[in-house]
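Colleague: Show me the folded form of this:
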Amino acid sequence: MRLIQLSRDSLNFPPPEMALREPNGLLAMGGDLSPARLLHAYHRGIFPWFSPGDPILWWSPDPRAILLPDAFHLSRSMKRFHRRSPYRVTMNRAFADVVEGCASARDEGTWITPEVKRAWHRLYDAGHAHSIEVWFDDELVGGMYGLALGQIFCGESMFSRRENASKTALLVFCQHFKRHGGQLIDCQILNSHTASLGAQEIPRLDYLLALGRLAHAPVDDACWQSDTLFNADPMFYTQP
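Modeller: Coordinates of the predicted model:
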């Protein structure tokens, strides 16, 4: 099957079912990273992922990795750690710093280039993208960011500079997202880290059906407000 070249003059994507089997999910190349194209892509179960210097590549893998907020796996060691957590977790307080942390956290290099950062900053400025920050005192030590689509959150990347910082970000976010009506977190491609936290693979078709059902179903208004979600004070801890 031939890889489809996208035009900058059209937002149209080929159907996800046309994605290659090898490499799994590769669907198209080209286009741009404008907010309109990114939103159009994510609403269709498609996301960009490419190496610096390469053309923009668009993917829709089968199977798809997801995490249901209720299914977050809280190990006994993490449960003990969280009860005595030294961290504070906030939302939308340091989006640019979280993106920068994710970009610099990869020993093997990163696809989060200056162009990609600008694209996500535009999505954040428009109210579509959000960040979760983990603080040790006043130092940012972990976090995650992604795109909100109704009752789905498309997790894009996470990073950790101290013990259990990214796990804390995801744990607290799952609790918060569920509390405000969130139903599903898109993890894109399963890896050992997300699998250990409860992520699972489902057929692409099942993900697309869930996307069609949930992407336009609203969460409540308070879900994405800039706020403190968790404080090291035990009074702030809620048992999952």
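
Colleague: strand partners of the lengthiest strand in the chain, parallel vs antiparallel please.
Modeller: As assigned by DSSP state E, the longest strand anywhere in the chain is strand 139-149. Applying DSSP bridges, strand 139-149 is found paired with strand 129-136 (antiparallel), strand 152-160 (antiparallel).

Colleague: for the shortest one, what is the average pLDDT?
Modeller: The average of the pLDDT scores along strand 129-136 is 98.

Colleague: now do stretch 142-158
Modeller: Across stretch 142-158, pLDDT averages out at 98.

Colleague: start to end distance for that stretch?
Modeller: This stretch, stretch 142-158, spans 7 Å end to end (C-alpha to C-alpha, to the nearest Å).

Colleague: how many neighbours does residue 227 have?
Modeller: 13 (other C-beta atoms under 10 Å). Bear in mind the C-beta positions are built from the backbone N, C-alpha and C, glycine included.

Colleague: Nearest residue to it in space, please, no chain neighbours.
Modeller: Nearest residue to residue 227, sequence neighbours excluded (C-beta to C-beta, 6 or more residues apart in numbering): residue 91, at 5.6 Å.

Colleague: Of the strands paired with strand 139-149, which is nearest residue 231?
Modeller: When the strands paired with strand 139-149 are compared by C-beta to C-beta, strand 129-136 sits nearest residue 231, at 9.8 Å.

Colleague: now the most centrally placed residue in the chain: how far from residue 120?
Modeller: Central residue of the chain (C-alpha atoms, centre = their mean): residue 155, 0.8 Å from the mean position. Separation of residue 155 from residue 120 (C-beta to C-beta, to the nearest Å): 13 Å.

Colleague: What of residue 168?
Modeller: 22 Å.

Colleague: Over to residue 190?
Modeller: Applying C-beta to C-beta, the value for residue 190 to residue 120 is 22 Å.
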